[in-house]
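1. Kindly return the folded structure for what I paste below:
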Amino acid sequence: MFLPGEPGRRLVLRLLGWVRNRRLRLFAIYCMSLVAAIGGAFALRQLSLHLITHLDSWGGVAAISFLPGDTRELDALVQLAKADPAVQDRLNKTDGRILVQATDGKPSVVHVMIDAGMMWAQAKNLPLAEKGIKLVFLQRKDQYLDKGPFEAGVRWQPAFIVEVEGQRVSRLIDLNQVSFPGNPLMPIF
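-> Numbering: from 1, shown residues only. Okay, here's the model as predicted:
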């Protein structure tokens, strides 16, 4: 309505001009707008997953990276962490699939923890180095195990954090599961 020539009105008349009842026409416009908005959101989600470096592994561990680099570098980081005995011990204790989020710096990890439901003060007080590569290991918390790790509706909860320094794991921090109240649908990317 703010554009010259009212292209929105013309579009409505062209698509729904045959509907004489004004209320029914407004309801149809509303429904079409919802479908377009939700469909567009899912299309943008797929596009962003396509553009982000990730490893989709049905063998138990999937990974997504917010670091510059390709899938080989992400795979090398995950393999480096999995080779550590403390990480192996925790992975052996999990009963489901694992997702690894590779980030750089403490602020990124704090953001992930807040998205998962941890309080800001608690996330900020995690004993992490300010800089360096951090791998957040998340455990699957839903019953839809037939869905892929990056599907909509899949629920993940952080289990532990690994700090990588050079070519070794420098620190492993276990996370208290009580720190994540509720059952939030955590955004993965």
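
2. Run through who's touching the worst-scoring helix or strand of the chain on mean pLDDT.
-> Each helix and strand of the chain was given a mean pLDDT (mean pLDDT, DSSP states H and E); the minimum falls on helix 7-16 at a mean of 80. With Cβ atoms under 8 Å, 6 or more residues apart in numbering as the contact definition, helix 7-16 has outside contacts at 1, 25, 28-29, 32. C-betas here are computed from N, CA, C, even on glycine.

3. For PyMOL, what selects the buried ones among those?
-> PyMOL command restricting the contacts of helix 7-16 to the buried ones, with burial defined by 16 or more other Cβ atoms under 10 Å:
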select buried, resi 25+29
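
4. out of the contacts of helix 7-16, what pair is the most spread apart?
-> 1 and 28 (18.0 Å; Cβ to Cβ).

5. what element comes up after the strand ranked longest in the chain heading to the C-terminus?
-> Of all the segments of type strand in the chain, defined by DSSP state E, the longest one is strand 156-165. Counting by DSSP states H and E, the element after strand 156-165 in chain order, helix or strand, is strand 168-174.

6. Quickly run through the sheet partners of that following strand, with directions.
-> strand 156-165 (antiparallel) (DSSP bridges).

7. quick one: average pLDDT of the strand it pairs with?
-> Within the predicted structure, the mean pLDDT of strand 156-165 is 91.

8. Can you list the buried residues in it?
-> Of the residues in strand 156-165, 156-164 count as buried by neighbour count, 16+ other Cβ under 10 Å.

9. which outside residues touch it?
-> Counting by Cβ under 8 Å, 6+ apart, the neighbours of strand 156-165 from elsewhere in the structure are 77, 80-81, 84, 87, 90, 94, 98-99, 109, 112-113, 116, 118, 126, 128-129, 132-141, 169-175, 177, 180, 186, 188.

10. Just the buried ones among these, please.
-> Neighbour-count burial within the contacts of strand 156-165 applies to 77, 80-81, 84, 87, 90, 98-99, 109, 112-113, 116, 118, 126, 128, 132-141, 169, 172, 175, 180, 186, 188; the criterion is 16+ other Cβ under 10 Å.

11. Could you look up the SS state of the residue lying farthest from the centre of the chain?
-> No residue in the chain sits farther from the centre than residue 20, which is 44.7 Å out by Cα atoms, centre = their mean. The assignment at residue 20 comes out as coil when based on DSSP: H, G, I helix; E, B strand; the rest coil.

12. now the one 10 residues further on
-> For residue 30, the reduced secondary structure class is helix; criterion used: three-state DSSP.

13. residues near it, how many?
-> Residue 30 sits with 10 neighbouring residues when counted by other Cβ atoms under 10 Å.
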